[in-house]
Each structure stands twice: as C-alpha cells, then as structure tokens.
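> here you go, sequence then predicted model.
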Amino acid sequence: MNDRVKVGADEWLSVQAGGPDLITDGLRGCVAVGLAGGGRIALSHVYSACNDEARWQAYEKQLNAAFDASALGPPGKIKAVIVDVDDTGKFLPQRLARWLQDKGVERIDLRVDEGCRVLGSPGGSGAHYLLKDDDLATDYDRGYQTSADGRDGVNQALLSEHGGAATKIFADVALPSPSASDGPLLTQPGHPHGDLYRSILQRIGEMEDQGMLKDRRPWQEQVAAELTRGCVAAQIYDSIDAVGYGRGEREDELFVFKGPQESSYTGVGVDIFKTDAQSLANASRDTLDAPPPGLGQPAQQQKSQTQ
C-alpha cells in the first residue's frame, strides 16, 4: 500500500513506524531532514531563508522542540538523512548536520536530490529513506495526504510563522471539460488568447532550470494559464520573451519577461504552488471576454508601467 503524507515548507511531521511514509520535494534551496529511530520516523522541510547563523538562531528552538517531541529514542541509534538539491557546501545542510551531531546522532547521510521519502516500513535492506530520483515522481504530485487532512497519529510542528501543510498541487480527480457556455479552453482553437498561452508554455519548456515544473506537463499548463490571466490583466496580449523564477522569499514564483532582457520585467508572476487542477479552466473563462490580440499596449508603454 502506497500510503504517504507530504510535508510542507517549514513543517516537521512525525509518525509511528509501520504507518504512512513521509514525503517532501521542491528542495530548491530548502533542505529535508529525515530521521528514523525508536520505532518512529520524522521528516522536515527547512526553508531556504535559514541561510546564515543569525537566522539559524530563530530556527533552532523550534527544531529542538520538534526533535524532542518526535520521540525517536536514543540519539546514537537514530538514522538520519539530509537532502539538498546540490552539494556546494551551503550553510543550511552543513549546519543541520552539525546540529544533529551535537545531539549525538552519528549515522547521517548527506544526499543530493530535490525530494525524498522516509519509509514508514523500511525494506529488507534496512534503508530508511528513498530519494525522489529513485522513486515514482507522480507520488509527489497527487494521491497523498497532508497534515491538513487531520490524520490520526501524524504529529506536526512548525519551524517558523511561514510553516504549514503541503499544497495539493493537483486534484485527485480528472479535470472536467468546460461546458459549451464556458467557451473554449486556452489550449483549444477559438480562444482569443490561445497564442499568448502557447507562447508562455513554450518559454516554460525552454527554461534551463525548470525546478519543480520539470517533466510535469500538466502543472506547466496550469502555471501557463495563470500567467496568461496575469498578462491579459496587464494588457499584454501578443507574446512574451522569457519566464524566470524569483529570488529569496519569491523563489516559488514564476515571472514573465517581455522585451530587451535588461528592462524586460513585467511584474506578472504566479506562485506555482498556488495553481491547481482548475487553473486552466478558470483562466480560460476569465480571459475569454478580454480584449483580443492586437489591442495591447506597445511594448515601450508596458515597460514604463512596470518600472
């Protein structure tokens, strides 16, 4: 049984071993810490904002409380894995490893991936985790529960005021087809802003670093639809030149660029985790009656409004 609960940003979950697996992904600067011991498992997703010693001080109290509440048994018998998207020696994974060592945890694996699963029932090898690259990618997109579902035995701790349950990116049901009265989807012939939508979707596909959107065409389509809605609201009707992620606290937002790169920021963006299986249908409907292509502002006027 593929039973799993997904951990959100700055969230720490713990459960009894033999229950659900714990999963997380989206480690674009964030770091996962998976633990197993004392007949229990725990998994946390520590946000990338904890990137220096000053910010660490704000996190350490909550980390200590979550670790103690997880009741993982003697630290010397705990197995740990720290997962980061690269191995460039960044502050956060190294600081988390030292924190565990200071607690007496000796078995610590440092691994590179953008997600992982901590196993509720370890296999015969005794491994207590599975990296996402070795796992079924769709398990991280749909079919999981989160702490918001209120499942018995899933204990939650938040590591900051920004912490919370994971987002359910896709509904676990098929996207319904729009009725005739709704008009065509952005993906279908006849929608006045279909060319703009296709331009955005193409630019997403051309990104060197697609992050969480990599190999997830349905999610790319939902994000492109929301960006189309934003472009139409900003009176950008024809096409765009590039898309790119924000930085720092906005690293989960994808933004649209139009015009020469040095002055191409439009201000149109969307948090990719705030899209869902209805984004395409809703954005298609909301943009159906907007001015058609050809009535947009000149690129220079668009630029001046976003600076």
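Perfect, I can see it now. Residues are numbered from 1 along each chain as shown.
> contact partners for residue 42?
12-15, 22, 33-36, 66-67, 70, 72, 118 (Cβ atoms under 8 Å, 6 or more residues apart in numbering). Yep, even glycine has a C-beta here, placed from its N, CA and C like the rest.
> please read the previous query as pertaining to residue 129.
34, 36, 81, 109, 116, 117, 118, 119 are the contacts of residue 129 under Cβ under 8 Å, 6+ apart.
> let's see that with 7 Å instead.
34, 81, 116, 117, 118, 119 (Cβ atoms under 7 Å, 6 or more residues apart in numbering).
> quick check: which of those has the minimum pLDDT.
Ranked by pLDDT, the contacts of residue 129 bottom out at residue 119, which has 90.
> one step back: list buried residues within the contacts of residue 129.
34, 81, 116, 117, 118, 119 (16 or more other Cβ atoms under 10 Å).
> which SS class is the second one?
On the three-state scheme (DSSP: H, G, I helix; E, B strand; the rest coil), residue 81 is labelled strand.
> can you show me the helices along the stretch 51-200 of the chain?
53-69, 91-102, 194-206 (DSSP state H, counting those that start in this stretch).
> residues touching the residue nearest to residue 103 when sequence neighbours are not counted, list them.
Excluding its sequence neighbours, the residue lying closest to residue 103 (Cβ to Cβ, 6 or more residues apart in numbering) is residue 75, at 5.0 Å. By Cβ under 7 Å, 6+ apart, residue 75 lies in contact with 103, 104, 105.
> so which of those is the most crowded?
residue 105 (21 neighbours; other Cβ atoms under 10 Å).
> how close does that residue get to residue 84?
17 Å (Cβ to Cβ, to the nearest Å).
> residue 240 too?
32 Å.
> residue 214 too?
17 Å.
> same drill for the two, tell me which one is more crowded.
residue 84 (23 against 12).
> verify the stated contact: the more buried one with residue 95.
No: here residue 84 lies out of contact with residue 95, judged by Cβ atoms under 7 Å, at a distance of 11.5 Å.
> and the strands in the stretch 201-307 of the chain, which stretches?
242-245, 253-257, 265-271 (DSSP state E, counting those that start in this stretch).
> ugh, wrong one, I meant the stretch 51-200 of the chain
79-84, 107-112, 115-118, 129-131, 145-146, 155-158.
> okay, now the domains of this protein?
4-158, 180-306 (automatic domain parsing).
> and the ones you listed as a markdown table, adding distance to residue 165?
Supplementary listing: the domains of the chain in a markdown table, determined by distance: least, Cβ to Cβ, whole Å:
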| stretch | distance to residue 165 |
| --- | --- |
| domain 4-158 | 4 |
| domain 180-306 | 11 |
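> worst mean pLDDT among these?
Taking the mean pLDDT of these, domain 180-306 comes last: a mean of 80.
> and that one, how far out from the chain's middle?
19 Å (Cα atoms, centre = their mean, to the nearest Å).
> give me phi/psi at residue 188?
phi -110, psi 150 (degrees, to the nearest 10).
> check contacts around it.
Contact analysis of residue 188 by Cβ under 7 Å, 6+ apart lists nothing.
> quick one: residue 45 and residue 24 touch, right?
Yes: the criterion here is Cβ under 7 Å, and residue 45 meets it with residue 24 at 4.6 Å.
> shared neighbours, the two?
7, 32.
> who's the nearest residue to residue 242 once chain neighbours are set aside bridged to?
Nearest residue to residue 242, sequence neighbours excluded (Cβ to Cβ, 6+ apart): residue 257, at 4.2 Å. Residue 257 has these beta-bridge partners by DSSP bridges: residue 242, residue 265.
> report how many residues lie close to residue 257.
Neighbourhood size, residue 257 [other Cβ under 10 Å]: 17.
> do I have it right that residue 270 meets residue 224?
No: counting by Cβ under 7 Å, residue 270 does not reach residue 224; the two are 9.4 Å apart.
> name the residue in the two with the higher neighbour count.
Taking other Cβ under 10 Å, residue 270 and residue 224 do not tie; residue 224 has more neighbours (30 against 24).
> what distance do you get for that one to residue 189?
17 Å.
> check residue 207 too.
Counting by Cβ to Cβ, the gap from residue 207 to residue 189 is 26 Å.
> of the two, who's got more company?
residue 207 (16 against 7).
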